[in-house]
Every structure is written in C-alpha cells, then in structure tokens.
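S.K.: need the 3D shape of this:
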Amino acid sequence: MESSMRPVIIGVAGGTGSGKTTVAKEIFKQFSQSSIVLIEQDAYYKNQDHLTFEERLKTNYDHPLSFDNELLYAHLMQLADRSPIFKPSYDYANHTRAKEVTKIEPKDVIILEGILILEDERLRSMMDIKVFVDTDPDIRIIRRLVRDTKERGRSIDSVIDQYTSVVRPMHLQFVEPTKRYADLIIPEGGQNKVAIDLMATKIRTIIEQKKLDA
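M.R.: Numbering: from 1, shown residues only. Got it, this is the predicted structure:
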C-alpha cells in the first residue's frame with residue numbers, strides 16, 4: 001500500500017456500555033494488524049498532576065472538558081501525515097495521566113473509539129466514517145454494573161449512584177445528541193455482525209480509492 005496514502009479514520013462513539021469498544025475491536029479483527037490501529041479516547045483524559053488527590057476525585061469523566069482533545073487532534077494530524085505518535089495512558093487509581101506512553105506507528109486504518117469523539121468538530125472533520133453504537137439504557141447500565149463490580153472492585157450502590165448522578169445526565173446532555181453526526185447507527189453494538197461486516201467492506205472500498213488517488 002502506498003505510504004503516502006492518507007489513512008482511513010473511523011470514529012466509533014456511543015454511551016457507556018453500548019458495545020462501542022466491542023464494535024471497534026471486531027472491525028479491528030477484520031484487518032491485518034500491520035495496517036490498522038485502535039486509539040481509545042479514554043487514553044486522552046487530561047493530566048491532573050496539578051490537583052490534589054481529593055480534587056481529582058471530583059473529576060467528571062463523562063464531560064467533554066475532561067478530555068485533552070487538543071492533544072488527540074494533534075496526534076491524529078501526525079498519524080495522517082504518516083508520523084508516529086506517543087500515545088498517553090491514564091492511571092485510574094491515581095486519577096491522572098500515567099508516566100508511560102506508547103509509540104504508535106502510522107497505519108492505513110485508524111479506529112478512534114470513545115463516548116464523545118463525535119462531540120468535537122475538529123475530530124469529526126478528520127473522520128471518513130462516523131459510527132454511533134446505539135443500545136438501550138437498561139442494557140447499558142447492566143453492562144456497566146457487571147464491569148465495574150467485577151473488574152474495578154466497585155460496590156453496586158456506588159455504580160448506581162454514579163450512573164444516576166453523573167453518567168446518565170451527561171449522556172443525555174452530551175453523548176446522545178452526537179448521534180445526529182453519525183453516518184451509521186449500529187443497534188446493539190458488537191452483536192450486530194451484519195453492520196460490522198458492512199463497515200469492513202466500506203473501509204476496504206475507501207482504502208482502494210485512496211490508493212488510486214495517492
């Protein structure tokens with residue numbers, strides 16, 4: 001494939017527990033890992049080293065301002081120009097950016113996945129395909145309950161309290177409205193094999209066209 005070809009950038013958005021990560025990973029599996037990279041918006045939460053630990057605990061991770069979209073946009077531009085990036089990582093235990101970074105080489109396909117990637121106009125403008133994974137709220141809260149109690153050691157009460165006080169209102173205010181920007185709305189997330197196969201076919205078509213144009 002031509003190294004001068006601008007990569008195909010796919011945005012996969014949706015609420016917490018919608019299955020957007022599963023969709024992104026299923027698309028990822030359809031391509032050679034030498035030609036595709038998956039970038040999670042969660043890696044780009046803002047650095048909070050300047051705050052005390054108590055102040056960090058108050059961070060609303062479901063608000064657009066919690067993300068360092070400046071850095072994410074700059075990194076996408078670098079990858080589009082075929083330059084490598086050093087992707088940050090986030091330390092959830094200490095509620096701030098970790099010291100470790102991951103070198104990401106430019107690829108032909110970039111999947112950008114996160115709850116609010118369609119909220120930022122600059123990020124949207126770089127995407128060839130914009131996807132919104134749309135799953136019923138009752139399914140999403142159940143998935144979040146299972147994940148946070150099993151994987152993150154949270155109590156059921158704390159998960160429900162966070163969901164009702166922060167996650168749900170932020171979803172309705174910021175995440176749900178971005179559905180209107182989507183080229184494709186996928187119901188039920190990773191279970192929707194037809195939509196995922198269609199996505200992969202469309203991505204291959206775009207790659208072929210870009211190769212011809214390069």
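
S.K.: buried residues in the longest helix seen in the chain, which are they?
M.R.: Criterion DSSP state H: the longest helix present in the chain is helix 193-213. Using 16 or more other Cβ atoms under 10 Å as the test for burial, helix 193-213 gives 195-196, 199-200, 202-203, 206-207, 210. Using the backbone N, CA and C atoms, a C-beta is placed for each residue, glycine as well.

S.K.: can you name the element that comes right after the lengthiest strand in the chain?
M.R.: For the chain, the longest strand by residue count, based on DSSP state E, is strand 96-104. Sequence-wise, the next helix or strand downstream of strand 96-104 (DSSP states H and E) is strand 109-113.

S.K.: what's that next one packed up against?
M.R.: Here strand 109-113 touches strand 8-14, helix 20-29, strand 36-40, helix 69-80, going by 3 or more Cβ pairs under 8 Å, 6 or more residues apart in numbering; DSSP states H and E.

S.K.: what's in contact with the last one?
M.R.: Counting by Cβ atoms under 8 Å, 6 or more residues apart in numbering, helix 69-80 makes contact with 6-7, 9, 37, 39, 41, 44, 84-85, 87-88, 104, 106-107, 110, 112, 120, 122-123, 126, all of which sit outside it.

S.K.: next SSE after it?
M.R.: Next along from helix 69-80, by DSSP H and E: strand 85-91.

S.K.: packing partners of that next one?
M.R.: Using 3+ Cβ pairs under 8 Å, 6+ apart: strand 85-91 touches helix 69-80, strand 96-104.

S.K.: repeat that with 6 Å
M.R.: strand 96-104 (3 or more Cβ pairs under 6 Å, 6 or more residues apart in numbering; DSSP states H and E).

S.K.: could I get the strand it packs on in CSV with only the CA atoms?
M.R.: Taking C-alpha atoms only, strand 96-104 is exported to CSV below (Å, rounded to 0.1, in the frame of the first residue of the first chain):
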residue,chain,number,x,y,z
THR,A,96,-4.2,11.4,36.5
ARG,A,97,-2.1,10.7,33.4
ALA,A,98,0.4,7.9,33.8
LYS,A,99,4.1,8.3,33.1
GLU,A,100,4.1,5.6,30.5
VAL,A,101,3.5,6.4,26.8
THR,A,102,3.0,4.0,23.9
LYS,A,103,4.7,4.6,20.5
ILE,A,104,2.1,4.2,17.7
